[in-house]
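Enquirer: compute the structure for the input listed below.
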Amino acid sequence: MFLGYGAGGRNTIGSRNAYIGGYAGYYGTGATNNTFIGYGAGYHNETGDRNVCIGYNAGYNSTGSDRLYIDNSSTGTPLIYGRFDSDYVTINGKLGVGKNPVTHWIEVTGGAWCDGLVWHDVSSREYKENIESLDAEEAMETLQGLHPVRFNYKRDKED
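Expert: So this is what the prediction gives:
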């Protein structure tokens with residue numbers, strides 16, 4: 001199914017494709033099982049199969065198979081890129097889980113975050129309720145149950 005001016009324009013033997021948007025999948029002469037949504041999405045994918053490109057010019061220069069592109073440009077590093085044949089997804093930007101990321105590569109509701117090297121579990125009164133002191137007996141039981149250790153990270157002996 002082709003919808004949009006020039007969508008699937010050079011398609012000759014490809015089949016089971018859905019191209020929606022002007023010039024989507026334009027060079028898809030022998031491509032099969034692709035889904036391209038957006039102006040110029042998958043434009044140069046001549047024979048690649050099982051691709052998904054979503055957004056203006058997403059996957060514009062891609063010629064492979066089993067790819068995922070989500071972006072609004074022809075960049076080679078789209079906001080979201082994936083390989084269906086290898087079962088991986090790359091996010092080329094910040095990721096927020098339950099929140100909009102502001103400062104760090106990964107930010108999670110509740111305060112935890114990752115700077116790209118280290119995961120930081122944040123503990124703050126801001127995210128807690130019903131905070132009560134332990135009595136002496138509870139404190140001793142808790143302390144006796146701990147198994148404190150010292151260590152160095154293998155990657156950085158000083159840390």
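
Enquirer: how far does stretch 139-149 sit from its chain's centre?
Expert: For stretch 139-149, the distance between its averaged C-alpha position and the chain's averaged C-alpha position is 40 Å (CA atoms, centre = their mean, to the nearest Å).

Enquirer: strands of this structure, start to end?
Expert: Using DSSP state E, the strands found in the chain span residues 2-3, 18-20, 35-37, 52-54, 67-70, 80-83, 88-91, 95-97, 106-108, 113-114, 119-120.

Enquirer: now Asp85: closest residue in space, sequence neighbours ignored.
Expert: Beyond its immediate neighbours in the sequence, the residue positioned closest to Asp85 (CB to CB, 6 or more residues apart in numbering) is Asp66, lying 4.0 Å away. Every C-beta, even on glycine, is put in place using the N, C-alpha and C of the backbone.

Enquirer: on that earlier part again, any chance of the strands of the chain in CSV, plus mean pLDDT?
Expert: Below are the strands of the chain laid out as CSV (pLDDT from 0 to 100):
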stretch, mean pLDDT
strand 2-3, 93
strand 18-20, 96
strand 35-37, 97
strand 52-54, 98
strand 67-70, 98
strand 80-83, 97
strand 88-91, 95
strand 95-97, 93
strand 106-108, 91
strand 113-114, 90
strand 119-120, 88
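
Enquirer: can you redo those as a markdown table with mean neighbour count and distance to Arg10?
Expert: Written out in a markdown table, the entries for the strands of the chain read as follows (neighbours: other CB atoms under 10 Å; distance: least, CB to CB, whole Å):
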| stretch | mean neighbour count | distance to Arg10 |
| --- | --- | --- |
| strand 2-3 | 16 | 11 |
| strand 18-20 | 22 | 11 |
| strand 35-37 | 24 | 13 |
| strand 52-54 | 24 | 16 |
| strand 67-70 | 23 | 19 |
| strand 80-83 | 17 | 25 |
| strand 88-91 | 12 | 30 |
| strand 95-97 | 12 | 37 |
| strand 106-108 | 19 | 41 |
| strand 113-114 | 16 | 44 |
| strand 119-120 | 12 | 48 |
